[in-house]
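> here is my input, please return the structure:
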Amino acid sequence: MPVAPAVPFSMPLNALPASPLPRARVPAADAPRAEKLTGIVVAVVAVAALYFGREVLIPITLSVLLSFVLAPLVALLRRLKLPRVPAVLLSVVAALGVLLMLGGVIGTQIASLSQDLPRYQSTIEHKVASVRGFAAAELRQLTARFSRETGDDSAETGVAPARVGGEKPMPVVVQQPTPTPVHLLQQVLGPILGPIETVGIVFVVAIFILLQREDLRDRLIRLFGSNDLLRTTAALDDAGSRLARYFLTQLGINTSFGVLVGIGLAVIGVPNPVLWGVLGGLLRFVPYIGSSIAAILPVALAAAVDPGWSMVIWTAALFLVTEGIMGQAVEPLVYGHSTGLSPVAVIVVAIFWSWIWGPIGLILSTPLTLCLVVVGRHVDRLEFLDVLLGDRPALTPVESFYQRLLAGDEDEMLRQAEALLRQRSLSSYYDDVVLKGLQLAAADMQRGGLHPERIEIINRTIGELVHELDGHDDADPASGPAEQPLAGRQREERAVPATPAPLADAPARDALPARWRGDSPVLCLAGRGPLDISAASILTQLLEKHGLGARVVTHHAVSREAMEALDPSGVAMVCVSYLDMSGNPTRLRSLLRRLRQKLPDVPVVVGLWPAAEVEGLAASPEVTALHNDAALRAELGADHYVSTLAEAVTACVSRAQEEASRLAA
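Purely as a prediction, here's the structure:
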């Protein structure tokens, strides 16, 4: 299929046509591949299996999660030289004892409360009557006002229309048969046997999981990734540590919530504060609505105990303040990014799991989603799970920078730059983010996706960003985050390594030779590409940060026609900047020849940035050849070939230091 010719990357900016550039024709999309259809079928089958197999899957899931909770206790007992089987049994018995103790406390408190309920009946009836009387009075006022407006006297006098006909309806009484003892036993034990059976299955399966933990781990490694033990082991360790930390942290926070609620209700005077504290801590495991459900009964009881409304107000305020502190202050501080879930994803998956598994699904939604995110983080084919459900940025810093550059969002670009500069030097940010983003723009320009107007906007935006960052020093931060293993690092961290900043600065101006003492001894020459002017201006700023003045010269100033007008005075070094060679190095050879004729004793540095591959965009073959072929570099005639701005600054500073040393000698 014929394709429209792309605009040469080496064409100068003023030579680009004013009319929109022709776009390359995109072939029609092929039919969906078998892999995509297979993925859709597998997803549908998985959801159906989760829905129809919930009677079996829910106890197994609860057992797995319980094993994560008890694993730290088992490990502690093993460190105390206790054998595995007693350690597991003791941990399970302890968990079962805590569960029975909570059940006993709740049952005792409910029995005590049921005995005191008749005392609160008169207060409840009085408040209901007062509320009903207030509502009736308001209704009569509204009815009278409506009657005056419509002219209907029957509504105002309260006389109802006469009944049609004089017969009264015959009452019907439905009498249930006398229940048999077997029926009564079923009614009493039926609701209890189901939960008891589920609890028994959960604890039995949890025991076997804890006993065979290492064997199950090895089987999972064999099943999912025995060919890459590093990544598979990192994924399992990450999932285990995150789940255990999440459950223990949530247990501590919810227990603190129950204790604060119980103490507050005791101070307010609400009966049975231990019951409401325990229920508050347990119900808070239910996301979003648990604390609200826990507040309903204490508020209703406060209304029944107090003839006035002050106890109700204090009780409601206690739950609001406690939940606000826990949800808005304690949890963000304690959790941090340990769960790695997006807030929107938490809501969506809570709805999904509630639809699949009911109320148990709502409780299990967060840990189950956490497992999916960990799997997506370490399995490339399931990375979409991490993108959809995780809290990490969906785009790498390079992609995010280029997207904001295209959108003209200068404020967001500056915010991203300030965040990255806390962990890297200014030259590292320019090398690893800005230049790679400009390389993406150069590739889009070659494909005809960027019009001249957009290119001018990009250059202007880069110039404003460079101006805003002028107050930052080009030095590595004093301390940074601890280095993580490669297998456990995030996608954007792997994509943007922090290269070190140049270590040395130029000598003092008095110690330099005469030609290095001017305001701009370094000539930063932009290549033929429209975006090379931005790279040259960035290099100019970095040179000034290290004590060398510099100025930017466009490629037209060194063309064959304009080379005679170039002023060579005060030029001690030339830095040629190319984002992409876009063809054979013939033009670069011709440029270097003219520079040698005009500036015979001036060293020349050729910057080909960036030489490394940007994600989704391979490095230029011409750039790769220049960096790998020493004979080709010697034939072109430049003194230095660099691939980063930091290397260019180091080359200039080193040359200035050498000439200063010769002058001092």
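> mind checking what secondary structure residue 530 has?
Recorded secondary structure, residue 530: coil (DSSP: H, G, I helix; E, B strand; the rest coil).
> gap between it and residue 40?
Between residue 530 and residue 40 the computed distance is 44 Å (CB to CB, to the nearest Å). Quick note: C-beta positions are derived from backbone N, CA and C, even for glycine.
> tell me which of the two has more neighbours.
residue 530 (28 against 11; other CB atoms under 10 Å).
> so that one touches residue 459, yeah?
Yes. When contacts are counted by CB atoms under 8 Å, residue 530 is listed as touching residue 459 (7.3 Å).
> shared neighbours of the two, anything?
Common neighbours of residue 530 and residue 459 are not found (criterion: CB atoms under 8 Å, 6 or more residues apart in numbering).
> now do whichever strand or helix holds residue 662: distance to the chain's middle.
For residue 662, the element it lies in under DSSP states H and E is helix 645-664. Taking CA atoms, centre = their mean, to the nearest Å, one finds helix 645-664 lying 43 Å from the centre of the chain it belongs to.
> show me what that helix is packed against.
Helices and strands touching helix 645-664, by 3 or more CB pairs under 8 Å, 6 or more residues apart in numbering; DSSP states H and E, are helix 426-429, helix 532-545, strand 573-578, strand 604-608, strand 640-642.
> and it, what's its mean pLDDT?
For helix 645-664, mean pLDDT is 89.
> one more: stretch 345-358?
85.
> if we can go back for a sec, mind putting the helices and strands packed on helix 645-664 into TSV with distance to residue 272, mean neighbour count and mean pLDDT?
Conversion of those to TSV gives the following (distance: least, CB to CB, whole Å; neighbours: other CB atoms under 10 Å; pLDDT from 0 to 100):
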stretch	distance to residue 272	mean neighbour count	mean pLDDT
helix 426-429	60	26	90
helix 532-545	69	24	92
strand 573-578	77	27	90
strand 604-608	76	25	88
strand 640-642	76	21	86
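> can I get those in JSON lines including distance to residue 81?
JSON lines is the format used below for the helices and strands packed on helix 645-664 (distance: least, CB to CB, whole Å):
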{"stretch": "helix 426-429", "distance to residue 81": "50"}
{"stretch": "helix 532-545", "distance to residue 81": "60"}
{"stretch": "strand 573-578", "distance to residue 81": "67"}
{"stretch": "strand 604-608", "distance to residue 81": "63"}
{"stretch": "strand 640-642", "distance to residue 81": "61"}
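> what's the lengthiest helix in the chain packed up against?
Secondary structure of the chain per DSSP state H: the longest helix is helix 229-268. Packing contacts for helix 229-268, counted by 3+ CB pairs under 8 Å, 6+ apart, involve helix 54-79, helix 213-224, helix 273-283, helix 290-305, helix 310-325, helix 331-335, helix 359-378.
> buried stuff in it?
Under the neighbour-count criterion of 16 or more other CB atoms under 10 Å, helix 229-268 has 231-232, 234-236, 238-240, 242-247, 249-250, 253-254, 256-258, 260-262, 264-265, 268 buried.
> please apply the same query to stretch 286-293.
By neighbour count with 16+ other CB under 10 Å, stretch 286-293 contains the buried residues 286-287, 290-291.
> can you measure across it, start residue to end residue?
9 Å (CA to CA, to the nearest Å).
> and the contacts of stretch 645-659?
427-428, 430-431, 435, 474, 499-507, 512-513, 516, 521-522, 535, 538-539, 542-543, 546-548, 572-573, 575, 603, 605, 607, 609, 640, 642.
> repeat for stretch 91-107
Outside stretch 91-107, the residues that reach it (CB under 8 Å, 6+ apart) are 66, 69-70, 73-74, 77, 199, 203, 206-207, 210, 274-275, 278-279, 282.
> how does it look with 6 Å?
With CB atoms under 6 Å, 6 or more residues apart in numbering as the test, stretch 91-107 has contacts from 70, 73-74, 203, 207, 278.
> swap in stretch 289-308?
120, 123-124, 270, 276, 279-280, 283-284, 311-312, 315-316, 319, 323.
> for the helices and strands packed on helix 229-268, which one ends up most surrounded?
Among those, the stretch with the highest mean neighbour count (mean count of other CB atoms under 10 Å) is helix 273-283, at a mean of 22.
> and it, what does it pack onto?
The contact analysis (3 or more CB pairs under 6 Å, 6 or more residues apart in numbering; DSSP states H and E) places helix 273-283 against helix 84-116, helix 229-268, helix 290-305.
> now the weakest link among the ones you listed, please, by mean pLDDT.
If these are sorted by mean pLDDT, helix 229-268 sits at the bottom with a mean of 80.
> ok, residue 639 - how many residues close by?
Applying other CB under 10 Å, we find 15 other residues in the vicinity of residue 639.
> thought it was touching residue 603?
Yes. Assessed by CB atoms under 6 Å, residue 639 is found in contact with residue 603 at 4.2 Å.
> for residue 362, which residues are in contact?
Residue 362 is in contact with 350, 354, counting by CB under 6 Å, 6+ apart.
> for it, report the pLDDT, please.
83.
> how close does it get to residue 58?
Residue 362 is 12 Å from residue 58, by CB to CB.
> next, the nearest residue to residue 389 once chain neighbours are set aside: phi, psi?
Leaving aside its sequence neighbours, residue 389 sits nearest to residue 345 (CB to CB, 6 or more residues apart in numbering; 4.2 Å). The phi/psi pair for residue 345 (degrees, to the nearest 10) reads phi -60, psi -40.
> residues near residue 345, how many?
18.
> what do you get for the one 5 residues further on?
Here the count is done by other CB under 10 Å, and residue 350 has 21 residues near it.
> in which helix or strand would I find it?
Secondary structure assignment for residue 350, by DSSP H and E: helix 343-357.
> could you do residue 473 as well?
Counting by DSSP H and E, residue 473 is part of no helix or strand.
> any idea how far residue 402 is from residue 416?
11 Å.
> what about these two, which has more around it?
residue 402 (24 against 18).
> next up, the contacts around that one.
Applying CB under 6 Å, 6+ apart, we find residue 402 in contact with 437, 440.
> cool, residue 109 as well?
By CB under 6 Å, 6+ apart, the contact list for residue 109 reads 272, 274-275.
> let me have those in TSV, extended by distance to residue 579.
Output for the contacts of residue 109, formatted as TSV (distance: CB to CB, whole Å):
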residue	distance to residue 579
272	73
274	70
275	70
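> ok, those vs residue 49, which is closest?
Ranked by distance to residue 49 (CB to CB), those are led by residue 275 at 39.7 Å.
> once you drop chain neighbours, what's closest to that closest one?
Nearest to residue 275 is residue 109, by CB to CB, 6+ apart, at 3.4 Å.
> what's the separation between that neighbour and residue 98?
17 Å.
> okay, now the domains of the protein?
Domain assignment for the chain by automatic domain parsing gives 35-136+192-211, 400-477+491-664.
> off-centre distance for stretch 569-579?
That offset, for stretch 569-579, works out to 42 Å (CA atoms, centre = their mean).
> repeat that for stretch 286-305.
Distance, centroid of stretch 286-305 to centroid of chain: 33 Å (CA atoms, centre = their mean).
> likewise stretch 237-246?
Distance of stretch 237-246 from its chain centroid, counting by CA atoms, centre = their mean, is 17 Å.
> could you shift the numbering so residue one becomes 301, and keep it that way?
Sure thing, new numbering starts at 301, so read that last one as stretch 537-546.
> next SSE after the helix or strand of the chain with the lowest mean pLDDT?
Ranked by mean pLDDT, DSSP states H and E, the weakest helix or strand in the chain is helix 791-795, scoring a mean of 45. For helix 791-795, the succeeding helix or strand toward the C-terminus, using DSSP H and E, is strand 822-826.
> as CSV, could you dump the C-alpha coordinates of that following strand?
These are the backbone C-alpha positions of strand 822-826, laid out as CSV (Å, rounded to 0.1, in the frame of the first residue of the first chain):
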residue,chain,number,x,y,z
VAL,A,822,30.6,27.6,24.6
LEU,A,823,28.6,27.7,21.4
CYS,A,824,25.5,25.4,21.6
LEU,A,825,24.6,24.8,18.0
ALA,A,826,21.2,23.4,17.3
